[in-house]
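Enquirer: Build me a structure from this.
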Amino acid sequence: MHHWRSRLLAFLIGFGIGLVLFLVVSFGLGLLRSSRQTSTRREATGPQRCSAADGFSSPEEILAALKSEDVLVRREVFRRLFLRPGVATTYYDYERDRDYPERAGHATVTYVNLDEQSPAEAVLTFNRRENPVALVLKREACGWRLVDALGAWLRFEDYPYHGWLEMPETVKRGVHEILLRESTGDATHYARNVRLLKLLDGALVQVAEFSEESIKPAEHYKGADWSDVKQRDVTRCVFLTRSDAEKPKLRLETQAEIVKYSGSPPSNTYWLETDGAWHMARRHWRTRDTTRLRLLNKHTHELVWDEGRKRFIAER
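Expert: Numbering: from 1, shown residues only. I've put the predicted structure just below:
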């Protein structure tokens, strides 16, 4: 009996020691795991680490690279701007720029508030291969990031395309939108449309669109000079911000008329920075002298800002 009690006592002592060691080791592992998780959270919430590829140091850096005489410098900045995965742009001809981008002409930087956050955004405009481009840049923790690249299709317009892009205040005083003009045409027709873009949640969103000018052959006109007689519709836009009206509005004043064109188009003389020379070209046929034959109609149409949809809609 005594021998049996000794064995039981030894077993209980060993079991107790093992249980104590198990609890100590488990507690130590728990503390280590908690420490590692805390360290990971601290790293995640600590200062953001930035690399050179995350953004640009300034819009002026981009401007200098676009105008550089070194094609390798231009190729690199075009690659970083337009050829990165996940960058959605409306820049329509970046494939050629990937191989041999030409120097930018008439390049300028404008700082303007495109949303209610600070600091102001930067809009960099330039011409490449006699086509206009606009870069919209926003400053973030890792530098200046490209929001969007805009390229307008302007056929038969006059280089260097003054007025193809404007930045009016349309919804709120002190906050600007981007008004972008695009045009096309042929020997008998011409159309110029306007798109209004607003910076919402870090992206450019179209909030309105309308026709600014339309020219087409006059219907039912049978005169010998029929090729010179056109119907021309011209729309003037007026923005009424919140301080001028109960709700922001876009007023479109349109005039339709029958006109007769005469004479020859005037010449357009311009300087190209890329080759350092003057150039001369005929302007579009719509710039010929006109005589009004008949006023067809005038009408006004208003679009009102819908805060829920974040766009201008037809007023009911």
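Enquirer: The closest residue to M280 other than its chain neighbours: neighbour count?
Expert: Spatial nearest neighbour of M280, excluding adjacent residues (C-beta to C-beta, 6 or more residues apart in numbering): T269 at 4.9 Å. In short, each C-beta sits where N, CA and C put it, glycine included. Look at T269: counted by other C-beta atoms under 10 Å, it has 10 neighbours.
Enquirer: One more: W305?
Expert: The local packing count at W305 equals 23, with neighbours defined by other C-beta under 10 Å.
Enquirer: thought it was touching F312?
Expert: Yes - with the criterion set as C-beta atoms under 8 Å, W305 and F312 qualify as a contacting pair; they are 5.6 Å apart.
Enquirer: what residues are shared contacts of the two?
Expert: With C-beta atoms under 8 Å, 6 or more residues apart in numbering applied, the overlap between the contact sets of W305 and F312 consists of P248, K249, L250.
Enquirer: Nearest to A277 among those?
Expert: Of all those, A277 sits closest to L250, with 41.8 Å by C-beta to C-beta.
Enquirer: wait, C237 sits on K249?
Expert: No - between C237 and K249 no contact is recorded; they are 10.6 Å apart, counting by C-beta under 8 Å.
Enquirer: R195 against S183, yeah?
Expert: No - the pair formed by R195 and S183 falls short of the contact definition of C-beta under 8 Å, at 11.8 Å.
Enquirer: Which one of those two is surrounded by more residues?
Expert: When neighbours are counted by other C-beta under 10 Å, S183 comes out ahead of the other of R195 and S183, with 21 against 18.
Enquirer: Could you look up the SS state of the residue nearest to the more buried one when sequence neighbours are not counted?
Expert: Counting by C-beta to C-beta, 6+ apart, R192 is the residue found nearest to S183 once chain neighbours are left out, at 4.0 Å. Following DSSP: H, G, I helix; E, B strand; the rest coil, the label given to R192 is strand.
Enquirer: Quick check: R192 touching E182?
Expert: Yes - between R192 and E182 there is a contact at 7.2 Å, judged by C-beta under 8 Å.
Enquirer: Surely W153 and E182 touch.
Expert: Yes - between W153 and E182 a contact is recorded at 5.2 Å, counting by C-beta under 8 Å.
Enquirer: residue contacts, the nearest residue to G55 once chain neighbours are set aside?
Expert: If the residues on either side of it in the chain are set aside, G55 comes closest to G143, at 2.6 Å by C-beta to C-beta, 6+ apart. When contacts are counted by C-beta under 8 Å, 6+ apart, G143 touches C50, D54, G55, F56, S57.
Enquirer: mind listing the helices for the stretch 101-250 of the chain?
Expert: Listed in chain order, the helices of the stretch 101-250 of the chain (DSSP state H, counting those that start in this stretch) amount to none at all.
Enquirer: neighbours of H162, just the number please.
Expert: By other C-beta under 10 Å, the residues close to H162 number 10.
Enquirer: what's the answer for V194, then?
Expert: Close neighbours of V194, defined as other C-beta under 10 Å, add up to 19.
Enquirer: Settle this for me: it is touching C237, isn't it.
Expert: Yes - applying C-beta under 8 Å, one finds V194 in contact with C237, separated by 7.1 Å.
Enquirer: overlap in contacts of the two?
Expert: Going by C-beta under 8 Å, 6+ apart, residues that sit against V194 and also against C237 are F210, E212.
Enquirer: Which residue ranges of the protein form strands?
Expert: When secondary structure is read from DSSP state E, the chain shows strands at 105-112, 121-128, 131-140, 143-151, 165-166, 178-185, 190-200, 203-217, 229-240, 249-262, 267-272, 277-282, 289-306, 311-314.
Enquirer: tell me the average confidence for the fifth one?
Expert: By that I understand strand 165-166. For strand 165-166, mean pLDDT is 95.
Enquirer: Look at V77 and report its pLDDT.
Expert: 87.
Enquirer: how much space between it and L63?
Expert: Look at V77 and L63: by C-beta to C-beta, to the nearest Å, they are 10 Å apart.
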